[in-house]
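below are the sequence and a predicted model for it; my questions follow.
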Protein chains: 2
Amino acid sequence: MQTGPQPADFADVRATNLAVVLRHVRAHGPVSRAGIAAATGLNKATVSSLVADLIERRLLRETGLAENRIGRPATMLVLDGSAYAAIGIEVNGDHLTAVAVDLAGEQLLFWRRAFTGRVSAGVGAGRGVSAIAALAGRAASRAVAQGRQVLGLTVGVPGLVDEAGAVRRSDALGWTGVDLRGDLLKALRKPEFDVAVDNDANLAALAEQRYGGHRGARNLIYVAGETGLGAGLIVDGRLLRGGRGFTGEIGRLQLHGGTLQELAGIESLIQRALPDADAEGPITDFAPEVERVAAAARAGDAHALAALRDVGRHLGHGLSLLASLLDPEVIVLGGYFVPLTEWLLPAARAEMTATDTGGVTLIGSAIGPGAAATGGAARVLDALDAGVLPTLTA
Amino acid sequence: MQTGPQPADFADVRATNLAVVLRHVRAHGPVSRAGIAAATGLNKATVSSLVADLIERRLLRETGLAENRIGRPATMLVLDGSAYAAIGIEVNGDHLTAVAVDLAGEQLLFWRRAFTGRVSAGVGAGRGVSAIAALAGRAASRAVAQGRQVLGLTVGVPGLVDEAGAVRRSDALGWTGVDLRGDLLKALRKPEFDVAVDNDANLAALAEQRYGGHRGARNLIYVAGETGLGAGLIVDGRLLRGGRGFTGEIGRLQLHGGTLQELAGIESLIQRALPDADAEGPITDFAPEVERVAAAARAGDAHALAALRDVGRHLGHGLSLLASLLDPEVIVLGGYFVPLTEWLLPAARAEMTATDTGGVTLIGSAIGPGAAATGGAARVLDALDAGVLPTLTA
């Protein structure tokens, strides 16, 4: 298999440099053409031509502000957020979250909807797929009604997603072999925008890399404390995908006493912290139960505190394995772990120190709910940053 | 931190395309200019110009053979192995291995030398560094005497090597904080060739990717069964490095009963398989002891067979963790594990199947001794394939 560079032509040079300018303005705008030239090493005439192209594509706009310095005042450039939108949808066992952002990173919408897509007696995956497609369609219509062109949609699913966007297996949803990308393309009637499906933890890791407390980190692991336990792995600046796209399955790590899912998954935590939790049947909505665990811990409840210590310790063990293998700078706990970090983090850090991996920064996510949806939208922006630029179709 | 593309210019296009042609001839030569154009999508005039450049740099040569087809016979091109050499040196606790290859992949030399660089009472790391530098100097002189230009030297060390080529820690050598690359540059008196230092398992993984039984695999893990237990991780076609360059430290994985090094390291295996092994003091030369373990197992010795089963099972557990996290296609056992694969592989595979990661191909390395040295030379070739082309200095 060939793994090296592909043949390049002069159009590639231009696409690369357009992306370089776009990224520079994203990181440092407002900035003048001369400032871009000085920072990127591109010459001024090239920068002027690239900027003209980006303005025409409505990716940049002039602000009219002037830099205060010797010589003529310069026209400043910022990202143009008005023309495009990127949509991310996060699928959970009990709800969907949709996020749309513009190219300047502003959030255009944030919707949370109840979701009954989990396969159960008499209900197949089809109903869930229809609900996702309907929400995607409504989000896209909203963007279009605002005069925006939708650049892409990414759906994050808790489970194993292959390269073609099919969900091979999702324990959280009870799905097996669902061609989600294909079904969405059909339901959305071959939309003009790009549609992708990815693992939720992968997308949340991208969101952390772009918007999180350690944004820009080149070695970052995101641990998704959702119904299932998964991780998004960013190493050397890139999201790892692996042979089939199934990296980061930390819930399946076989440890002494069980899998990490059994030892430190959110369901196990609730059951141990709240001995009465499933008295009325299996838990279907985890958020209120997690809140009860936090309340019990705050009140000093011995059951809850012991369960949190225990889960934190197991998590720390699992994370020490990740740290020994992947040498991350930072590990971010997300999802249902976020309201519990006050108790989980100290126990996890102590375990990591005991296994000689205490040097890694371990924090809770500050992105808030819908991290995978935000990451789904971020994935579309990442494509821009890599040089895949849109052309206005309207 | 900026992680996207860097500004490009037309020289980059040419460098990229030179590398594309070089790699095509490496993979498919002998091949004609027209064949290169057809396969790469570059136009014929561009290919002719690129080929002329590569011939001038003595990276390609014409063979004079003709393709048998309609029309004029075409001049065929192959790699020119005669002008350059790449050198790799592997450092082990008890010996050094030096390998030199030409650009066509032919081995020019293979030297194995006893090595007493392990720090002990009264002996610092300096003596070891001098021995490595002396061997590197002799290998380079040999190449020069053959009329070749040395393109690069890579030294593989068992331990933690940082980005600057300093050995932060090597338990196998007893080294801490040795600026090996800096010391080599001094000892070699600022050589004209590139000098790099890397972890030995990383280099062996590159060798497997280029020359091994599963060459070309984009997701491959190499497990170095040397005095220390480490792994080289290739995911999505790239070697993982991590925040400090310390990926793949599988010996440090904390499992039930101890670290993987304690449970499945070669020293522990020998001690359990041969209860008399360290009767005469600590083992300093492992190869004969490993041969004794293999002989005992072949003779049906119960101690040896039980120890191999046990170590295979622990290895399988460690590899199942790697598989759940990184989704590799193939895992290659190397080093001292190679003569023991007959017994280790079945036990390891059974354990992986039990932990639901049995789908990964697990094999012994077929590269033979000095895999890290071979990989060190391969690293130099990888730089060529990525477009860093040499200019003849003589």
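Looks like it arrived, so ask away.

give me the neighbour count for whichever residue of the stretch 51-200 of chain A sits closest to chain B.
Closest to chain B within the stretch 51-200 of chain A is residue A:160: 9.3 Å, counting by CB to the nearest CB. Where you see a C-beta, it was placed from the backbone N, CA and C, and this is true even at glycine. Neighbourhood size, residue A:160 [other CB atoms under 10 Å in any protein chain shown]: 20.

and the pLDDT for the residue lying closest to it once chain neighbours are set aside?
Spatial nearest neighbour of residue A:160, excluding adjacent residues (CB to CB, 6 or more residues apart in numbering or on different chains): residue A:168 at 4.3 Å. According to the prediction, residue A:168 has pLDDT 93.

kindly check the end-to-end length of stretch A:110-124 for me.
Taking CA to CA, to the nearest Å, stretch A:110-124 runs 27 Å from one end to the other.

do stretch A:270-279 as well
Stretch A:270-279: ends 12 Å apart by CA to CA.

same deal with stretch A:346-365?
Counting by CA to CA, you get 15 Å between the two ends of stretch A:346-365.

in it, which residues are buried?
Residues A:347-349, A:351-352, A:355, A:357, A:360, A:362, A:364-365 are the ones in stretch A:346-365 that count as buried (16 or more other CB atoms under 10 Å in any protein chain shown).

of those residues, which is the nearest to chain B?
Using CB to the nearest CB, residue A:355 is the member of the buried residues of stretch A:346-365 that sits closest to chain B, with 4.4 Å.

contact partners for the closest one?
By CB atoms under 8 Å, 6 or more residues apart in numbering or on different chains, residue A:355 lies in contact with A:316-317, A:320, A:324, B:252, B:254.

thinking again about what came up before, next, the contact list for the residue of the stretch 51-200 of chain A closest to chain B, please.
A:167-170, A:199, A:244-246, A:249.

mind doing that once more with 10 Å?
A:166-171, A:175-176, A:199, A:230, A:244-246, A:249, B:327 (CB atoms under 10 Å, 6 or more residues apart in numbering or on different chains).

one more: residue A:218?
Residues near residue A:218 by CB under 10 Å, 6+ apart: A:209, A:234-238, A:328-329, B:1, B:3, B:241-243.

could you check how far it is from residue A:23?
Distance, residue A:218 to residue A:23, using CB to CB, to the nearest Å: 15 Å.

ok, now residue A:320?
35 Å.

of those two, which one has the most company?
residue A:320 (23 against 19).

quick check: residues of the stretch 1-150 of chain A near chain B?
Applying CB under 10 Å from any CB of the partner chain, we find that the stretch 1-150 of chain A lies next to chain B at A:1-17, A:19-24, A:26-27, A:39-43, A:46.

the buried residues of stretch A:346-365 into JSON lines, with extra columns for pLDDT and secondary structure?
JSON lines is the format used below for the buried residues of stretch A:346-365 (pLDDT from 0 to 100; DSSP: H, G, I helix; E, B strand; the rest coil):
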{"residue": "A:347", "pLDDT": "97", "secondary structure": "helix"}
{"residue": "A:348", "pLDDT": "97", "secondary structure": "helix"}
{"residue": "A:349", "pLDDT": "96", "secondary structure": "helix"}
{"residue": "A:351", "pLDDT": "95", "secondary structure": "helix"}
{"residue": "A:352", "pLDDT": "95", "secondary structure": "helix"}
{"residue": "A:355", "pLDDT": "86", "secondary structure": "coil"}
{"residue": "A:357", "pLDDT": "84", "secondary structure": "coil"}
{"residue": "A:360", "pLDDT": "94", "secondary structure": "coil"}
{"residue": "A:362", "pLDDT": "96", "secondary structure": "strand"}
{"residue": "A:364", "pLDDT": "96", "secondary structure": "strand"}
{"residue": "A:365", "pLDDT": "95", "secondary structure": "coil"}
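
how many other residues sit next to residue A:227?
Residue A:227 has 24 nearby residues by other CB under 10 Å.

tell me who's in contact with it.
Here residue A:227 is in contact with A:92-94, A:118, A:158, A:170-173, A:251, A:261, A:265-267, A:283-284, A:286, A:335-336 (CB under 10 Å, 6+ apart).

what about 6 Å?
A:93, A:172 (CB atoms under 6 Å, 6 or more residues apart in numbering or on different chains).

same question for the one 5 residues further on.
Listed by CB under 6 Å, 6+ apart, the contact partners of residue A:232 are A:201-202, A:204-205, A:222, A:248.

for it, helix, strand, or coil?
When classified by DSSP: H, G, I helix; E, B strand; the rest coil, residue A:232 comes out as strand.

how about it, nearest residue that isn't a chain neighbour?
With sequence-adjacent residues excluded and distances taken as CB to CB, 6+ apart, residue A:232 is closest to residue A:205, at 2.7 Å.

do the same with residue A:344
Leaving aside its sequence neighbours, residue A:344 sits nearest to residue A:312 (CB to CB, 6+ apart; 4.2 Å).

repeat that for residue A:360.
Nearest to residue A:360 is residue A:323, by CB to CB, 6+ apart, at 4.9 Å.

which stretch of helix or strand covers that neighbour?
Element membership for residue A:323 (DSSP states H and E) is helix A:302-326.

ok, residues contacting that helix?
Applying CB under 6 Å, 6+ apart, the contact partners of helix A:302-326 are A:221, A:235, A:250, A:253, A:260, A:263-264, A:269, A:272-273, A:293, A:296-297, A:331, A:343-344, A:347-348, A:351-352, A:355, A:357, A:360, B:242, B:247, B:249, B:252-253, B:321.

in helices, which of those fall?
A:260, A:263-264, A:269, A:272-273, A:293, A:296-297, A:343-344, A:347-348, A:351-352, B:321 (DSSP state H).

out of those residues, which comes closest to residue A:145?
Here the nearest of the ones in helices among the contacts of helix A:302-326 to residue A:145, counting by CB to CB, is residue A:293; it sits at 41.3 Å.

about what we covered before: among the contacts of residue A:160, name the buried ones.
Here, 16+ other CB under 10 Å leaves A:166-167, A:170, A:175, A:199, A:230, A:244-246, A:249, B:327 buried among the contacts of residue A:160.

in strands, which of these appear?
Under the assignment DSSP state E, the buried ones among the contacts of residue A:160 contribute A:167, A:170, A:175, A:199, A:230 to strands.

for the last one, give me the pLDDT.
Reported pLDDT at residue A:230 in the predicted model: 93.

list the contacts for residue A:114?
So, once contact is read as CB under 6 Å, 6+ apart, residue A:114 ends up touching residue A:95.

count the residues that sit near the nearest residue to residue A:235 once chain neighbours are set aside.
Nearest in space to residue A:235, with sequence neighbours left out and distances taken as CB to CB, 6+ apart, is residue B:240 at 5.0 Å. Other residues within reach of residue B:240, judged by other CB under 10 Å, total 26.
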